[in-house]
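From the sequence below, what's the structure:
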Amino acid sequence: MKNIRKEAATWIGLGSFVSIWLLLVFLSDSHMHLGLEALKRFPEAVVLYSAAHLYFTARAWRWRAFQGWLVPFPDLQGTWAGTIQSTWSDGTTQLAPAPIPVLLVIRQTFSSISCVLYSKESTSSSGAAQMTGEEGPNQPQLSFIYSNQPRPTVRDRSEIHDGATILRVAMRPKRMLEGKYWTDRKTTGEIQVLFKSRKPAERFSM
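Next up is the predicted model:
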């Protein structure tokens, strides 16, 4: 996951550091005389710049003001509610199962992202997740591989399995994730979820 646009970050970082240093010089007894006394303000500038950088990677990267031009990926953290629709069909009736209600919980930091998909009967946890398509005109995508753990009471008909999914990210007019999944049980299907809450759910509840 490319978490920042390097060219913009380089210029902003340089400008921010110089601005912090000049402000410290201006507020000190050396005023704006860029001599030895001004150079003594460098360590303080480094400390303040480092603190600002830590705050940015901890919180400020989520601000809309930085989205797109500096931070190339959207903030997806929270709980998303929707359904999955399997392409599997009954061998006798040829009927597909009804859509299954699910909650997709995304936990995201500046440098990482993880996903948990809850349904009434199982929990799927991501082993690896990433954002792609942040550069250029391509629509961002969230992709992850996962391990599905059905509840013990349904394992006679739903075994433990692994799978992967690719979801397109749409932020307007509604915040939506939609795409496809496939599993090592040779099943496939579609997922569609809408943003529900910033608070990550810890279990299935709809």
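
Does Pro97 touch Thr83 like I think?
No. Look at Pro97 against Thr83 with Cβ atoms under 8 Å: they stay out of range, at 11.0 Å. Backbone N, C-alpha and C define where each C-beta goes, glycine included.

buried sites along the longest helix along the chain?
Taking DSSP state H as the criterion, the chain has its longest helix at helix 6-27. Residues Ser16, Phe17, Ile20, Trp21, Leu24, Val25 are the ones in helix 6-27 that count as buried (16 or more other Cβ atoms under 10 Å).

Over to stretch 161-170?
His161, Gly163, Ala164, Thr165, Leu167, Arg168, Val169.

Tell me which helix or strand comes right after the worst-scoring helix or strand of the chain on mean pLDDT.
Least confident helix or strand, the chain: helix 36-39 with a mean of 70, by mean pLDDT, DSSP states H and E. Toward the C-terminus, helix 36-39 is succeeded by helix 42-58 as the next helix or strand (DSSP states H and E).

Which segments of this structure make up each domain?
Domain segmentation of the chain under automatic domain parsing yields 6-66, 78-197.

Around the residue lying closest to Arg198 once chain neighbours are set aside, count how many other residues there are.
Counting by Cβ to Cβ, 6 or more residues apart in numbering, Gly78 is the residue found nearest to Arg198 once chain neighbours are left out, at 4.5 Å. For Gly78, the neighbour count with other Cβ atoms under 10 Å is 18.
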